[in-house]
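In: The following block contains a protein sequence and its predicted model.
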Amino acid sequence: MTHASSHSMRTFKNALRSDRGQAQVEFALVVIFLFTLVLFILETLFFMHTYNVLADSAKEGVRYAIVHGANNTLASGPTCPCLDIDGPPASPGTVPGYGSGKGVVKTFAQYSLHDTGAMRVSVTYGPADTPAVTPLNKTPNRVQVVVAYPYHPFFGLGWPTVQVNAAAEGRIMN
């Protein structure tokens with residue numbers, strides 16, 4: 001073996017050694033990027049779940065209001081204290097609404113493991129495109145239910161709390 005070939009062999013071995021360090025650095029960067037991407041995807045899924053729960057809760061409140069419109073004796077103005085819709089959640093096994101003072105919106109949302117105490121529900125009766133009929137909980141007036149909830153990111157990581165709003169509207173049918 002000549003001196004030139006042994007020198008090139010040592011240079012080749014040194015190059016291999018430095019490649020190992022480079023691969024470890026690249027692996028660490030890729031793992032950090034992938035971990036962050038997975039956290040972002042999970043957080044987005046939790047946020048979408050929260051919005052879907054709020055939207056479905058608002059729809060449940062509107063459904064109750066349009067079916068029980070004229071039978072709801074508490075709807076006396078543009079906004080109302082409609083405890084059957086926006087009241088506290090009913091305990092498991094208890095039916096909300098129907099004069100119980102337990103709200104259908106928060107009862108629906110409590111089964112999704114969200115804090116219903118932080119939810120704000122507002123119910124508004126009134127016409128949107130027709131002259132008002134008095135009282136406002138009569139056909140053909142509309143009812144709108146808006147649910148607001150402060151969304152706290154699941155993983156935290158310094159992300160801010162976001163106010164999530166969902167609304168549903170319908171026309172009173174009876």
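Out: Looks like it arrived, so ask away.
In: Flag every buried residue along stretch 144-154.
Out: Buried positions in stretch 144-154, judged by neighbour count with 16 or more other C-beta atoms under 10 Å: 144-147, 149, 151. All C-beta atoms are positioned from the backbone trio N, CA, C, and that covers glycine.
In: Just the pLDDT for the residue positioned nearest the centre of the chain.
Out: Here the mean C-alpha position of the chain is nearest to the C-alpha of T50 (C-alpha atoms, centre = their mean), at a distance of 1.9 Å. On the pLDDT scale, T50 is placed at 94.
In: what's the nearest residue to it if we skip its chain neighbours?
Out: Sequence neighbours aside, Y151 is the residue nearest to T50 in space, at 5.3 Å (criterion: C-beta to C-beta, 6 or more residues apart in numbering).
In: if I read this right, the one you found contacts N165, doesn't it?
Out: No: proximity of Y151 to N165 does not meet the contact threshold set by C-beta atoms under 8 Å, at 10.3 Å.
In: The residue nearest to the centre of the chain touches V164, doesn't it?
Out: Yes: the pair T50 and V164 passes the contact test of C-beta under 8 Å, sitting 5.8 Å apart.
In: which neighbours do these two share?
Out: 149, 151 (C-beta atoms under 8 Å, 6 or more residues apart in numbering).
In: now the strands for this structure?
Out: Ranges of strands within the chain are 120-126, 142-151, 162-171, based on DSSP state E.
In: Could you measure from Y125 over to K59?
Out: According to C-beta to C-beta, to the nearest Å, Y125 and K59 sit 17 Å apart.
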